[in-house]
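In: fold the following and give me the result.
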Amino acid sequence: MKVLVVGGGGREHALAWKLAQSPAVRELLAAPGNAGIAGVARTVAIPAHDLEGLARLAEDEECDLTVVGPEVPLTLGICDLFEARGLTIFGPSRAGAMIEASKSFANDLMLRAGVPTAAARTVTDRDEAISAAAEMGYPVVIKADGLAAGKGVVVAESREEALAAIDDAMVLGKFGKSGEVLVIEEHLEGEEASILAITDGHSFGLLAPSQDHKRAHDRDSGPNTGGMGAYAPAPVVTPAMLADVERQIMEPVVEELSRTSGVRYKGVLYAGLMITKDGPKVVEFNCRFGDPEAQVTLPLMDGDLAATMLATAHGELDAADVRVAPGHAVCVVMASGGYPGKYEKGKRIDGLSQAGAMEDVVVFHAGTDLVDGATVTSGGRVLGVTAWSPSLADAVERAYAAVDVISFEGEQHRTDIAHRALERLRT
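Out: Presented below is the predicted three-dimensional model:
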């Protein structure tokens, strides 16, 4: 096959890396790609939101399969466009991607499907938002209804914090149109986990449960980010719980989408969960691989990703082909100084070849570029340093050993990725 990967972040590098291992893939393209992806695929300077340009590329190159990484092209309808042109693509339709594009849509869907989630209220003006937050009690969760690059959620501990979050979205327009409608939610107590399922709308293959680290600093302090690291499998999700999530969350949601919208959901369905004392409850749904969850779940996927994605796109998925290998994987994100706030770009990155040569380590590029032959920073999250091992403690040690040989001006990273799982092992 000739395969096109859409996107240019760490998730897309992980996808390209895994797809390149398939004996069925003879050539790999990426649009727009990044400095790391260029090592495994031919990159083409077409942005992920240019749907027409991507369709022309797939036609001109006679691509057998297109794999979409980011949520934006999915919510814009890239799969609808490709399928209308007879192009094979892995991902949900625009109607299916609404499960991520609108928090209120997802909440209504879960309510109809009987899926466990937080109590929530959708509001369209400031006064209504303030009233809803007070009714929920503090802490309370304030969510922009639309896409906000993973930064549209605030856990407000007090009325003052809730007011600030509401005003950021509704008065100051911090999230543009995405923040014109807010979802005010009950705050759930527990431990978070991410479950990613590959589905063709009928069959489901679950990847290893993972846990992201959203906060910028150690011990889960500081502002929310797009993710500062992840590990898999997350021991908070037991095998029995994983089976329950498939039966009580994944299947009912896909069935309800089909029943009410006529949508056969094909692609990745990502459930962000809170493991509460009453069991798993859904915090959010995403319509694509997580980032950095992909960087730890894909190394633990035992099988041919390209063949699995092609079968999914054709509605012929055999769930038995989605297998999880034994062992553990850990990803540490190296970010630009100041992230998730303002940061500088163009900082030279050293040590990449040394880290990449380490056993059972891969450095996934997220925000990088090539300038005069040197790899430089071009984003907030710059690299995802991933290691795997039969032992979680050893995977953590390998990942941080690789981090230690990489450097760039202003670099920051968390030093406690997988701390919850390691603490469980010690007790």
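In: so how far is Ala133 from the residue of the chain most remote from its centre?
Out: When distances are taken from the C-alpha mean of the chain, Asp127 lies farthest, 32.7 Å away, according to Cα atoms, centre = their mean. Counting by Cβ to Cβ, to the nearest Å, the gap from Asp127 to Ala133 is 11 Å. Quick note: C-beta positions are derived from backbone N, CA and C, even for glycine.
In: would you confirm that Leu57 contacts Lys2?
Out: No - using Cβ atoms under 8 Å, Leu57 makes no contact with Lys2, being 11.1 Å away.
In: what's the overlap in contacts for the two?
Out: 29, 63 (Cβ atoms under 8 Å, 6 or more residues apart in numbering).
In: ok, the two, which is more surrounded?
Out: Leu57 (18 against 15; other Cβ atoms under 10 Å).
In: ok, now which ones touch that one?
Out: Leu57 neighbours (Cβ under 8 Å, 6+ apart): 4, 29, 31, 44, 46, 63.
In: in those residues, find the pair that's most separated.
Out: Farthest-apart pair in those is Ile46 and Cys63; separation 12.6 Å (Cβ to Cβ).
In: domain-wise, how is the protein divided?
Out: 2-91, 125-180, 191-426 (automatic domain parsing).
In: just how off-centre is the shortest one within its chain?
Out: What it means is domain 125-180. 22 Å (Cα atoms, centre = their mean, to the nearest Å).
In: who touches stretch 68-88?
Out: Contacts of stretch 68-88 (Cβ under 8 Å, 6+ apart): 5-7, 9, 11-12, 15, 48-49, 51-52, 54-55, 58-59, 63-66, 89-94, 97-98, 100-101, 147, 266-267, 286-289, 310, 313-314.
In: leaving out chain neighbours, which residue sits closest to Ala387?
Out: Arg398 (3.6 Å; Cβ to Cβ, 6 or more residues apart in numbering).
In: Leu305 now?
Out: Lys18 (4.7 Å).
In: and Gly380, by the same measure?
Out: With sequence-adjacent residues excluded and distances taken as Cβ to Cβ, 6+ apart, Gly380 is closest to Tyr339, at 3.8 Å.
In: would you confirm that that neighbour contacts Ala366?
Out: No - assessed by Cβ under 8 Å, Tyr339 is found out of contact with Ala366, at 10.9 Å.
In: anything in contact with each of the two?
Out: Here Tyr339 and Ala366 share the contacting residues Arg381, scored by Cβ under 8 Å, 6+ apart.
In: so what's the closest residue to Lys103 other than its chain neighbours up against?
Out: Residue nearest to Lys103 in three dimensions, not counting chain neighbours: Val183, with 4.3 Å by Cβ to Cβ, 6+ apart. Residues counted as contacts of Val183 (Cβ under 8 Å, 6+ apart) are 103-104, 107, 120-123, 143, 145.
In: where's Val183, which helix or strand?
Out: strand 182-186 (DSSP states H and E).
In: list the buried ones in the helix or strand hosting Ala31?
Out: Using DSSP H and E, Ala31 maps to strand 27-32. If you call a residue buried by 16 or more other Cβ atoms under 10 Å, then strand 27-32 has these buried ones: 28-32.
In: ok, now stretch 373-384?
Out: 375-384.
In: pretty sure Ser158 is touching Tyr138, no?
Out: Yes - taking Cβ under 8 Å as the definition, Ser158 is a contact partner of Tyr138 at 5.6 Å.
In: of the two, which one has the most company?
Out: Tyr138 (15 against 11).
In: tell me the secondary structure for the more buried one?
Out: coil (DSSP: H, G, I helix; E, B strand; the rest coil).
In: centre of the chain versus stretch 193-211, how much separation?
Out: That offset, for stretch 193-211, works out to 12 Å (Cα atoms, centre = their mean).
In: what is the end-to-end distance of it?
Out: Distance across stretch 193-211, first residue to last, is 5 Å (Cα to Cα, to the nearest Å).
In: list only buried entries from the contacts of stretch 68-88.
Out: 5-7, 9, 11-12, 15, 48, 51, 54-55, 58, 63-66, 89-94, 97-98, 100-101, 147, 266-267, 286-289, 310, 313.
In: among these, name the ones in strands.
Out: 5-7, 65-66, 89-90, 267, 286 (DSSP state E).
In: confirm Gly341 sits in a strand?
Out: No - secondary structure of Gly341, determined by three-state DSSP: coil, with no strand assignment.
In: follow-up on the earlier one: looking only at neighbour counts, state which of Tyr339 and Ala366 leads.
Out: Ala366 (29 against 21).
In: excluding its backbone neighbours, what's nearest that one?
Out: Gly10 (3.5 Å).
In: burial measure for the residue nearest to Ala387, as a count.
Out: Arg398, neighbours per other Cβ under 10 Å, totals 21.
In: kindly report the same for Asp302.
Out: 11.
In: just the pLDDT for the closest residue to Thr276 other than its chain neighbours.
Out: Nearest residue to Thr276, sequence neighbours excluded (Cβ to Cβ, 6+ apart): Gly190, at 4.1 Å. pLDDT recorded at Gly190 is 95.
In: one step back: ok, the residue nearest to Ala366 - how many residues close by?
Out: Gly10 has 32 nearby residues by other Cβ under 10 Å.
In: same check on Arg259?
Out: 11.
In: and the host helix or strand of it, what does it pack onto?
Out: Assessed by DSSP H and E, Arg259 sits inside helix 251-261. Other helices and strands packing on helix 251-261, by 3 or more Cβ pairs under 8 Å, 6 or more residues apart in numbering; DSSP states H and E, are helix 94-101, helix 103-113.
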